[in-house]
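A.B. asks: here's a sequence, model it:
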Amino acid sequence: MNGNNCEPGRRSLGILYREESEKGLTHPFFVLILNAFMAEAEARGYDVTFLSHSLKEEDETLAEHCGKSGVDGLCLVCTEFAHPQVKELMAGELPCVSVDHIFKGKPAVLSDNETGVRKLVEYAIAKGHRRIAMIHGHNNSLVTRTRISQFRNTMEYYHLPVPEEYLREGLYHDIGGTRILVKEMLSLPEAPTCILLPDDMTYFGAQEAARDCGLKIPEDISFAGYDGIPLTQALKPRLTTIRQNCETLGKVAAARLMDLIEHPETAPKRPAIYPVELVEGETVAVCRE
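C.D. replies: Numbering: from 1, shown residues only. Here you go, the predicted structure:
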């Protein structure tokens with residue numbers, strides 16, 4: 001990975017990456033995508049640089065900042081997609097690709113979140129669960145809205161209620177916040193028997209909440225995650241989750257962006273949506289209630 005001082009004649013791709021947990025490049029999910037993106041770009045002779053820019057700055061817009069950086073194209077990963085500066089950038093001429101968000105007329109790469117959530121809910125139902133709750137991330141992204149909608153639709157399809165207290169907003173990768181939300185759910189007069197978590201990392205908070213309440217996983221309470229990161233597959237009990245193909249997401253994002261730079265008239269601009277895989281772990285028990 002190189003900085004802005006690229007070799008003469010070499011092209012450069014920029015990455016705009018800003019996620020709410022502020023874990024940066026230690027983030028266990030996005031780092032897999034970014035590594036694959038950089039490997040694909042560098043294999044085709046591109047330099048890669050991370051752009052540092054605050055969307056709160058008033059002296060220079062994001063579009064102006066990208067122009068000064070000299071990048072030939074930009075990949076947007078986990079940023080404030082609805083921000084006016086981001087929309088201005090995506091409406092401009094700079095070749096751009098987004099991960100986990102769709103902008104009209106621009107290539108995008110994302111997982112099939114509708115199928116992912118449906119698979120989790122149906123798996124829990126097949127295990128006998130009827131009181132299924134969901135903690136989701138901040139409701140400011142296409143991914144979150146898609147997951148919430150599919151959760152409601154699937155529950156409705158199987159004629160299962162979704163009480164207001166069974167659908168709670170948290171933050172992605174917020175272990176402490178998830179611990180609090182899970183404890184609140186477990187203290188309900190009619191507590192859920194299975195809780196879908198925002199992502200795999202929040203399983204750590206769910207485990208703490210279960211211990212605080214004197215409950216065992218999965219004998220007393222079941223959990224399922226999302227992402228399929230290797231770390232939580234090493235925990236006991238092993239997490240049931242949806243695995244996203246991070247390597248493919250990163251590789252295709254880079255390829256789509258480079259194609260857009262090199263062949264702007266013929267490069268595909270439709271979103272690329274990739275299948276997900278249900279990983280049957282040990283955290284969803286058979287419910288006999």
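
A.B. asks: residue 161: helix or strand, and which one exactly?
C.D. replies: Assessed by DSSP states H and E, residue 161 sits outside every helix and strand.

A.B. asks: now do the end-to-end distance for stretch 14-31.
C.D. replies: End-to-end distance for stretch 14-31: 15 Å, by C-alpha to C-alpha, to the nearest Å.

A.B. asks: mean confidence for it?
C.D. replies: Per-region confidence: stretch 14-31 scores 70 on mean pLDDT.

A.B. asks: same check, this time on stretch 187-203
C.D. replies: What stretch 187-203 shows for mean pLDDT is 96.

A.B. asks: quick check, distance from it to the centre of its chain.
C.D. replies: Relative to the chain's own centre, stretch 187-203 is displaced by 18 Å; criterion: C-alpha atoms, centre = their mean, to the nearest Å.

A.B. asks: what residues go with each domain of this structure?
C.D. replies: The chain breaks down into these domains under automatic domain parsing: 11-111+245-276, 113-243.

A.B. asks: mind checking which of those is nearest residue 288?
C.D. replies: Nearest to residue 288 among the domains of the chain is domain 113-243 (6.3 Å), distances taken as C-beta to C-beta. Placement of C-beta: from N, CA and C, glycine included.

A.B. asks: which residues in the stretch 101-250 of the chain form strands?
C.D. replies: Assigned by DSSP state E, counting those that start in this stretch, the stretch 101-250 of the chain shows strands spanning 108-111, 132-136, 167-169, 194-196, 222-224, 241-243.

A.B. asks: can you put the ones you listed in JSON lines and add mean neighbour count and distance to residue 143?
C.D. replies: Output for the strands of the stretch 101-250 of the chain, formatted as JSON lines (neighbours: other C-beta atoms under 10 Å; distance: least, C-beta to C-beta, whole Å):
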{"stretch": "strand 108-111", "mean neighbour count": "24", "distance to residue 143": "7"}
{"stretch": "strand 132-136", "mean neighbour count": "24", "distance to residue 143": "9"}
{"stretch": "strand 167-169", "mean neighbour count": "17", "distance to residue 143": "14"}
{"stretch": "strand 194-196", "mean neighbour count": "28", "distance to residue 143": "14"}
{"stretch": "strand 222-224", "mean neighbour count": "27", "distance to residue 143": "17"}
{"stretch": "strand 241-243", "mean neighbour count": "25", "distance to residue 143": "12"}
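
A.B. asks: nearest to residue 289 among the domains of the chain would be which one?
C.D. replies: Across the domains of the chain (criterion: C-beta to C-beta), the nearest stretch is domain 113-243, sitting at 6.3 Å.

A.B. asks: assumed residue 273 was part of a helix.
C.D. replies: No: counting by DSSP: H, G, I helix; E, B strand; the rest coil, residue 273 is not part of a helix but strand.

A.B. asks: skipping adjacent residues, who's closest to it in space?
C.D. replies: residue 112 (5.4 Å; C-beta to C-beta, 6 or more residues apart in numbering).
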